[in-house]
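Trainee: Structure here, sequence nowhere to be found:
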C-alpha cells in the first residue's frame, strides 16, 4: 500500500482526481510518531524514502487547486463539515518539517485536528483510506490521550459505515474494526451499552446473509463480504454473556460454526455461562458433546478446560431457588465414559468427584452411584499409576464404598495407597484433608489410613460376605499399623470372625496361627471366634476342649474365657441340639462370675423349653430380672408363650391383652387383680414402643424405659403363671 496510487472517483458531474494512499500513510505515521517518541527516527526515515520535498509540494499544489474548485461537489449530502475541522498551517508545517519536539509539545487538540484532517481528506476525495488504514487510525485513537476518545472512535466507525453504505467496500468495517472498538468500549461502564450495540451491528452481517442466502441476486447486493474472526467472536461473546443475551450469543456461535471459524475455549465457556445462568442443561450438554467430538483428539487441554467449566454448574438459579443437577451430571459422566482416558484428564474426574458428592448429599441419596462411577474412573485412569493417591479421593471413595456396599472399591482404593513406613497417624487425619478447590492437584506424600478406617472397611466387607476382600485390606494394614499395638490384633479378630461366620474353619485357624507366629496381642475374642467356627462345622467337642484348655491354663496362653467364649460354646451345643450341654455351659459361666447376656438367657430359656422344664424356665427368667438384663418385646413374647400358652397363643400381644381383660372380669377367677395389672402394664409397654425421641426424652431414655416396663411385665406374667398353676 506504500506504492503511489492515482485514483479517481466517477462523480455524477466529472471525474475528480484524488491523492493516492501515500500521503495518508505519511500522515497516519506522523500521528503514531507523536504518540511514541522512539518511533520518530523510523518516521523520519520514512519521509526520506518518499519523493523529495520539491516534487511533493508541486504534486500537493496541483491537487489542492483541483480540489478547491470541486470541494462542494465532492462532499456527500448531509455532511456537516466546518472550518474547525481543518488543520492549521502551523501544525501541518510541523508534521512536514519533522520537528518532533515542538510537535509533541502541542496539546491533545492537535491530535484531534490531525484525525479530523484525515477524515476530511477522505470526504473531499483528496485521498482514500482502506479498511486496514482506518483500523490503524482507530488504533492510534484508542492508545492516545485524546479527550472524548469513545466519541472519536465512533465518529470514525460511523464514517466507515457511511462509506460502506455508499458502495465503497474497501473502507468497510471488518472483524478487526469491531474487535478494536468492542474491546475498548466494553471496559468502561459508560460505554458498555455502545459495545453491545456494536456487537449487535456485527451480528447483522450474519443475519443479512441468512436472509439472502437463497437469492443469488441478493448475494450480489451484499455491501461487504464480512469475515468473522476468532478475536471478534470471542469479544462479542463476552459482551453478550455480560448482558445475559442468550439469543444473540447463540446466533453468534452458530455463525462461527457455519463459517468454520476457529473458536477459543473461552468462547465456549462464555456460552456455557449463559446456559448456567438460564439453567439450560440440555443445551449445555449438546454444546459440550459437540466440542468434545470436534476437539477431543487434537486439543485435549482445551477440552479439559471447557469440561471444568461445564462441571461447575450452579446450585441455585437467579431467583435463589435450588437447581436439580443429578440428571445433568449423570449425562456428563455418560459422555465422559465414552471418551478415552487420554482425552479426559485426572483433574476433570477429581473435580467431578467433589461436585457429585455435593449432589448426593443435598439432592438425592441415589446420586451416590454417580460418585461411585467417578471413583472407579479415577482408579482406572492412566494417570493413577503416575501419581500418588491423595486424602480427598481416599476419604470420599471409602465413604461411597461403605454407602454402596462395594468391598471391591474399598480394596482398590486402599491398595492404591502407598505405604508410609513408621507413620502411624491418628483417626482424624482423613478429616483434615482440604477441599479439592483449595488443595494442590496431587499430594506430595501418601495419605495415612487410620486403624479405625481399616476396621470399618473390614466390617463392611464381612457384612457383604466378602471375606477375601477383608483379608486384602488386613494385609495392607499390616504394613502400616504398628505391630505392637492392640489394633492389629483386633483387625485379625475381625477377619477371623468373618471366616468363622461363613464356616471357613481352615482360614479361621490360619489367622489365629499367624497371630501366634507374629507375636500379636490376642484377645479372648480371637479364641471365641475359633470356637464359633467349630460350632459352624458341628465340632462341639473341639469347641469345648478349647474352652476347657483356656479354663485350666493348658493352652499356653494366660487368656481366660469370657462371655464371648461361653456364648460360642453354647452356640455349638445348640447346633447339635445338646440342650443339657447348653445348661451345663451356662452354669459354668455363672460359676466363673460372668453375668449372662440376652443371648445366653435366650439360649437357656430355649433349652428349658425343649426339655419341658417349666420351673427351670421361670428360674432363668427370675435370674434375668434380678440382674436387670435388658428385656425387649420379642424376649417377653418368647417368655409368655412358655408361661401363659393358653392366653398368649402365637405371641400376639393385643390378643393377650384381650384375654387378660376377660380374665379380670371373671368373677370366679382368683387372679382378677393380677390379670388387670398385667393388661395395664402391657398397654404402657406398647405405647412406649411407639414413642419417638424429642427434646424432652432422648432415644436412650426411651430405650431404658422400654426395658424397665418389659421387665415389669415379665415379672407380673411370672406371678400370674404361678397363681394359675396353684
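Mentor: Everything's here; your move. Model, not experiment: these values are computed from the prediction. Numbering: from 1, shown residues only.
Trainee: residue ranges with poor pLDDT in the protein?
Mentor: Where the chain drops to pLDDT under 70, the residues are 1-114, 146, 212-224, 386-388, 419-446, 667, 726.
Trainee: Could you point out the longest helix of it?
Mentor: Secondary structure of the chain per DSSP state H: the longest helix is helix 699-725.
Trainee: what packs against it?
Mentor: Packing contacts for helix 699-725, counted by 3 or more CB pairs under 8 Å, 6 or more residues apart in numbering; DSSP states H and E, involve helix 614-626, helix 633-643, helix 672-689. Every residue, glycine included, has its C-beta placed from N, CA and C.
Trainee: what's the most buried one of those helices?
Mentor: helix 633-643 (a mean of 19; mean count of other CB atoms under 10 Å).
Trainee: ok, and what's touching the helix or strand following that helix?
Mentor: As assigned by DSSP states H and E, the chain's next helix or strand after helix 633-643 is helix 645-648. Defining contact as CB atoms under 8 Å, 6 or more residues apart in numbering, one finds that helix 645-648 is touched by 637, 640, 641, 655, 656, 659, 660, 663.
Trainee: Mind checking the helices and strands packed on helix 699-725 for the one nearest to residue 456?
Mentor: Closest to residue 456 of these is helix 633-643 (CB to CB; 28.5 Å).
Trainee: what does the closest one contact?
Mentor: So helix 633-643 is contacted by 598, 601-602, 605, 608-609, 614, 617-618, 621, 648, 650-651, 653, 656, 685, 689, 706, 710, 713-714, 717-718, 720-721 (CB under 8 Å, 6+ apart).
Trainee: residue contacts, residue 305?
Mentor: 265, 269.
Trainee: immediately after the strand or helix carrying it, which helix or strand?
Mentor: According to DSSP H and E, residue 305 maps onto helix 300-311. With elements assigned by DSSP H and E, the helix or strand that comes after helix 300-311 is helix 326-337.
Trainee: name the helices or strands packed onto that following helix?
Mentor: On a contact count with 3+ CB pairs under 8 Å, 6+ apart, helix 326-337 meets helix 281-295, helix 300-311, helix 346-362, helix 368-380.
Trainee: so how far is the longest one off the chain centroid?
Mentor: The chain centre lies 3 Å from the centre of helix 346-362; the measure is CA atoms, centre = their mean, to the nearest Å.
Trainee: hang on, the earlier thing: now do the longest helix of the chain against helix 672-689, angle only.
Mentor: If you take axes from the mean of the first three to the mean of the last three CA atoms, to 10 degrees, helix 699-725 sits at 160 degrees to helix 672-689.
Trainee: Regarding stretch 647-656, how distant is the last residue from the first?
Mentor: This stretch, stretch 647-656, spans 6 Å end to end (CA to CA, to the nearest Å).
Trainee: Tell me the spacing between residue 465 and residue 502.
Mentor: Distance of residue 465 to residue 502, computed by CB to CB, to the nearest Å: 7 Å.
Trainee: Name the residues of the helix holding residue 305 that are buried.
Mentor: 300, 302, 303, 304, 305, 306, 307, 308, 309, 310, 311 (16 or more other CB atoms under 10 Å).
Trainee: same check, this time on stretch 266-278
Mentor: For stretch 266-278, a neighbour-count test (16+ other CB under 10 Å) marks 266, 267, 268, 269, 270, 271, 272, 273, 274, 275, 276 as buried.
Trainee: For it, what is the distance to the chain centroid?
Mentor: Its chain's C-alpha centre and that of stretch 266-278 lie 18 Å apart, by CA atoms, centre = their mean.
Trainee: Over to stretch 181-190?
Mentor: The answer for stretch 181-190 is 35 Å, by CA atoms, centre = their mean.
Trainee: For residue 121, give its distance to residue 128.
Mentor: Residue 121 is 9 Å from residue 128, by CB to CB.
Trainee: With residue 596 instead?
Mentor: Distance of residue 596 to residue 128, computed by CB to CB: 110 Å.
Trainee: The helices and strands packed on helix 326-337 into CSV, with extra columns for distance to residue 335?
Mentor: As requested, the helices and strands packed on helix 326-337 are exported to CSV (distance: least, CB to CB, whole Å):
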stretch, distance to residue 335
helix 281-295, 6
helix 300-311, 9
helix 346-362, 11
helix 368-380, 12
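Trainee: Quick one: closest of those to residue 330.
Mentor: Nearest of the helices and strands packed on helix 326-337 (CB to CB): helix 368-380, 5.9 Å.
Trainee: What is the closest one packed up against?
Mentor: Partner elements for helix 368-380 (3+ CB pairs under 8 Å, 6+ apart): helix 326-337, helix 346-362, helix 391-403, helix 407-415.
Trainee: Quick one: closest of those helices to residue 565.
Mentor: helix 407-415 (28.8 Å).
Trainee: Give me the angle between the closest one and helix 368-380.
Mentor: Counting by the same axes, to 10 degrees, helix 407-415 points 40 degrees away from the direction of helix 368-380.
Trainee: Surely residue 623 is in contact with residue 600?
Mentor: No. Residue 623 sits out of contact with residue 600 when judged by CB atoms under 8 Å, with a separation of 10.7 Å.
Trainee: Pick out the residue nearest the middle of the protein.
Mentor: What sits nearest the mean C-alpha location of the chain, by CA atoms, centre = their mean, is residue 355, with 1.5 Å.
Trainee: That one: what's it in contact with?
Mentor: Residues near residue 355 by CB under 8 Å, 6+ apart: 311, 312, 313, 329.
Trainee: Just the buried ones among the residues you listed, please.
Mentor: Among the contacts of residue 355, the ones that count as buried by 16+ other CB under 10 Å are 311, 313, 329.
Trainee: Considering these, which is situated nearest to residue 255?
Mentor: Taking CB to CB as the measure, residue 255 sits nearest to residue 313 out of the buried ones among the contacts of residue 355, at 26.3 Å.
Trainee: So the closest one sits against residue 276, correct?
Mentor: Yes. Counting by CB under 8 Å, residue 313 does reach residue 276; the two are 5.9 Å apart.
Trainee: any shared contact partners between those two?
Mentor: Each of residue 284 lies in contact with both residue 313 and residue 276 under the rule CB under 8 Å, 6+ apart.
Trainee: Excluding covalently adjacent residues, which one is nearest to residue 378?
Mentor: Closest residue in space to residue 378, ignoring its immediate chain neighbours: residue 349 at 5.1 Å, by CB to CB, 6 or more residues apart in numbering.
Trainee: show me the contacts for that neighbour.
Mentor: Neighbour list for residue 349: 336, 374, 377, 378, 381 [criterion: CB under 8 Å, 6+ apart].
Trainee: let's go with 10 Å and repeat that
Mentor: Applying CB atoms under 10 Å, 6 or more residues apart in numbering to residue 349 gives the contacts 307, 311, 333, 336, 341, 373-381, 383-384, 393.
Trainee: One more: residue 178?
Mentor: Contact analysis of residue 178 by CB under 10 Å, 6+ apart lists 157, 195, 198-199, 201-203, 205, 226, 228-229, 231-233, 235-236.
Trainee: Just the buried residues of those residues.
Mentor: Buried members of these, counted by 16+ other CB under 10 Å: 157, 195, 198-199, 202-203, 205, 226, 228-229, 231-233, 235-236.
Trainee: returning to that earlier point: got the angle between the helix holding residue 305 and helix 326-337?
Mentor: Relative orientation of helix 300-311 versus helix 326-337 (the same axes, to 10 degrees): 170 degrees.
Trainee: Would you mind getting the angle between helix 300-311 and helix 346-362?
Mentor: Going by the same axes, to 10 degrees, helix 300-311 makes 10 degrees with helix 346-362.
Trainee: Can you show me the helices along the stretch 151-300 of the chain?
Mentor: 175-185, 192-211, 216-221, 230-242, 246-258, 265-278, 281-295, 300-311 (DSSP state H, counting those that start in this stretch).
Trainee: closest one to residue 539 among those helices?
Mentor: Of all the helices of the stretch 151-300 of the chain, it is helix 300-311 that lies closest to residue 539, at 57.3 Å by CB to CB.
Trainee: Give me the distance from that closest one to the chain's centre.
Mentor: With CA atoms, centre = their mean as the basis, helix 300-311 stands 13 Å off its chain's centre.
Trainee: Stretch 305-322 now?
Mentor: Taking CA atoms, centre = their mean, one finds the center of stretch 305-322 at 10 Å from the center of the full chain.
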